[in-house]
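Enquirer: Show me how the following folds:
(one chain, ligands or ions: 2)
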Amino acid sequence: MIYDDTIVALASAPGTGAISVIRLSGPKAIEIAETLCRRSLTPRTATLGTIYDENAKQIDTGLFIAFPGPHSFTGEHVCEFQGHGGSVVSQAVIHECLRLGAVPANPGQFSERAFLNGKIDLIQAEAISDLIHATTLQAVRAANQSLNGLFSNSIERLVDEIIALRVHIEAHLDFPDEDIAPAELQTLGSQIETALNNAQSLQHSARQGLILNSGLKIVLLGPPNAGKSSLLNCLAQQAVAIVTDVPGTTRDLIQHTLNLDGLQILFVDTAGIRATTDVIESEGIRRALQATRDADIVMCLFDHQCRIIDDAWIENLISSDDITHLPILLVQNKLDLDATPAVNKTNHPLCQISAQTRAGITDLLQQIKQIIGLDQEYVTPFIARERHIYQLSNAIEHLEAAHSIPCHLDYLDVIAEELRLSHFALQEMTGTFHSDDLLGQIFSTFCIGK
Ligand SMILES: Nc1nc2c(ncn2[C@@H]2O[C@H](COP(=O)(O)OP(=O)(O)OP(=O)(O)O)[C@@H](O)[C@H]2O)c(=O)[nH]1
Ligand SMILES: [Mg+2]
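Expert: Numbers count the residues shown, from 1 in each chain. Ligands and ions are numbered 1, 2, ... in the order given. Reported below is the predicted structural model:
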C-alpha cells in the first residue's frame with residue numbers, strides 16, 4: 001500500500017438513476033463506512049445501513065460492501081455504498097465521507113492505485129476504460145480479453161525471449177575469455193529473428209485491436225456528380241446528404257457512422273473536387289482534402305464517364321504527388337448505367353457499385369475489410385491503443401536493428417544495446433517501467449470513480 005489518504009467518488013454515471021454507487025479506497029475506507037452506517041461490516045457481505053449527517057438527519061439508506069485489502073480492486077481497503085440514484089443524495093453521502101476524512105478522487109485514480117499496487121498492469125488498466133467506452137460487442141469482447149491479461153501475456157512472452165537473449169550475450173560480454181562457438185552465434189542470430197517475427201505478428205494483432213477500439217474513418221472523395229452523397233445515403237439507408245444532378249451540391253463534410261460486423265466506421269462525404277472560383281465551394285474542397293489526411297481509407301469515386309484510372313488521376317484528385325501512404329479504394333459508381341469496368345492502371349483495388357440500386361455494396365464492404373486485414377472470420381484477441389502500437393513499433397525498430405547487425409563477436413555489444421532498448425520499450429507498454437508523465441496522461445482520460 002502506497003497511499004495514506006482515502007479517496008472517494010461516485011462510481012456510477014452522474015445524474016438520476018435507480019441506484020448510485022459510491023466508492024471509497026484507502027486505509028480509512030472501511031472505518032469511514034462503518035462510522036457512516038454505525039455498524040461493523042463483514043468482508044464481502046452486503047450490509048443494509050442508514051447514513052445520517054452530523055446533525056443526525058437521515059440522508060440515505062442502502063447497501064455497504066467492504067473489501068479489505070489486499071483482496072480488493074485497488075489492493076487497498078475498499079468500500080462501496082449502493083444508495084438511491086439521485087445526484088443530490090449521492091453528493092450528500094460523498095460530503096459525509098469527506099467530512100470523515102476522505103478526499104475526492106481524481107479521474108482514473110482507483111485504476112491507477114490498482115496498477116501501482118500491482119493488481120493489474122498498465123494494459124489491463126487501459127482495457128477497463130476501453131471496456132467502458134466500447135461501442136460494439138466485438139470491442140467489448142476484445143477489451144475483456146485484454147483485461148484478462150491476454151495482450152500483456154503475449155508481451156511478457158516476448159520480453160522473456162529478449163531477456164534470454166540479453167542474458168546470453170551479456171554473459172559473454174562480462175566474461176569475454178569464454179569463447180562463443182560460431183554455431184552458438186548462428187543460433188543467437190536466428191533467435192533474434194524469431195523474436196522479431198513474434199513482435200511483428202503481435203503488432204499486426206494490435207493494429208486490428210486498435211481498429212476495433214477506435215473505429216475506421218473512410219473519406220469519400222471524387223469529382224462532382226460521381227455519386228458520393230448517393231453512396232453515403234445508400235450506406236446509411238437514409239437521406240443524410242442532399243443529392244441533386246447539379247455538380248457541386250455538397251459543400252460541408254457530412255458524416256455518418258456505420259457498424260459493420262462490429263467495426264465502427266465513420267464515413268465522410270465531401271465536396272466534389274474541381275477547379276472553381278466559388279469561395280464557398282473552394283472552402284468545401286479544402287476541407288475535403290484535409291479530411292483525407294487522417295483517413296484510414298480514401299474511397300476515390302467516379303462514374304462510367306471516367307474510362308481510365310491511373311496514378312496521375314488520383315494525384316490530381318488529391319492534389320498531391322505523395323499518395324503512397326494512403327490506403328486507396330477505387331469505386332466506380334453508376335453500374336446500372338454502364339457495367340463496363342474502367343481500365344485500372346493503378347495498384348489500388350477497384351469496386352463497381354450502383355449507389356442507386358445497391359448493386360456491388362456487399363463486395364464494397366468486403367473490400368474495406370480486406371484493406372484493413374479484417375476480411376477473414378476475424379477474432380481479434382485483444383483491444384489496443386495508439387500508445388501500444390507506438391511502443392511496439394519502437395521495440396520492433398530496435399529488434400530490426402539488432403537483427404541487421406552481423407552476429408559476430410565484435411558486434412555483440414551493439415546487439416546487446418539494441419536488445420536492451422527493445423526490452424525497455426516493451427516494459428513501458430505493460431508499465432513495468434514507466435514515467436510519471438505517462439501515467440498522468442493515461443489515467444486522466446478515465447472516468448472519475450474508475
Ligand atoms: N443512375 C445512377 N445515378 C446515380 C447513381 N449514384 C448517383 N447518381 C446520380 O448522380 C447525380 C449526382 O449524385 P450525388 O450523389 O449528388 O453526387 P456527388 O458526388 O455527391 O456530387 P457533388 O456533391 O456535387 O460532388 C444525382 O442525380 C444522382 O441521382 C447511380 O448509382 N446510378
Ligand atoms: Mg455530394
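Enquirer: Identify the residue spatially nearest to the one residue in the stretch 201-350 of the chain that gets nearest to ligand 1, adjacent ones excluded.
Expert: Of all residues in the stretch 201-350 of the chain, G272 sits closest to ligand 1, at 2.6 Å by Cβ to the nearest ligand atom. Using the backbone N, CA and C atoms, a C-beta is placed for each residue, glycine as well. Leaving out its chain neighbours, the residue that sits closest to G272 by Cβ to Cβ, 6 or more residues apart in numbering is P224, at 2.9 Å.
Enquirer: So the one you found is in contact with R251, correct?
Expert: No: judged on Cβ atoms under 8 Å, P224 makes no contact with R251 at a distance of 11.1 Å.
Enquirer: Pull up the overlap in contacts between these two.
Expert: A271 (Cβ atoms under 8 Å, 6 or more residues apart in numbering).
Enquirer: The two: which is more packed in?
Expert: Higher neighbour count among P224 and R251: R251, with 19 against 16, using other Cβ atoms under 10 Å.
Enquirer: which non-adjacent residue is nearest the more buried one?
Expert: G284 is the one closest to R251 (Cβ to Cβ, 6+ apart), at 3.9 Å.
Enquirer: my guess is that neighbour meets R274, correct?
Expert: No: assessed by Cβ under 8 Å, G284 is found out of contact with R274, at 10.6 Å.
Enquirer: who has more neighbours, those two?
Expert: G284 (21 against 14).
Enquirer: Mind checking if the host helix or strand of that one is in reach of ligand 1?
Expert: Assigned by DSSP states H and E, G284 belongs to helix 279-291. No: Helix 279-291 does not reach ligand 1 (Cβ under 6 Å from any ligand atom); its nearest approach is 8.8 Å.
Enquirer: just checking, I32 touches D5?
Expert: No: with contacts counted by Cβ under 8 Å, I32 stays clear of D5, the gap being 11.7 Å.
Enquirer: how about the residues of the stretch 201-350 of the chain that lie near ligand 1?
Expert: So the stretch 201-350 of the chain meets ligand 1 at 222, 224-230, 243-245, 247-250, 271-272, 333-334, 336-337 (Cβ under 6 Å from any ligand atom).
Enquirer: hmm, which of those residues are the buried ones?
Expert: Neighbour counting by 16 or more other Cβ atoms under 10 Å classes 222, 224-230, 243, 248-250, 271-272, 333-334 among those as buried.
Enquirer: what's the pLDDT at the residue of the stretch 301-450 of the chain found nearest ligand 2?
Expert: Using Cβ to the ion, the single residue of the stretch 301-450 of the chain nearest to ligand 2 is L301, 9.8 Å away. Note on L301: pLDDT of 98.
Enquirer: could you measure it against S230, distance?
Expert: According to Cβ to Cβ, to the nearest Å, L301 and S230 sit 9 Å apart.
Enquirer: Need the overlap of contacts for those two.
Expert: N333.
Enquirer: just to revisit the earlier point, quickly check: the helix holding G284 near ligand 2 or not.
Expert: No: contact of helix 279-291 with ligand 2 (Cβ under 5 Å from the ion) is absent, the minimum separation being 9.6 Å.
Enquirer: cool, and stretch 354-361?
Expert: No: using Cβ under 5 Å from the ion, we find that stretch 354-361 stays clear of ligand 2, coming within 10.7 Å at best.
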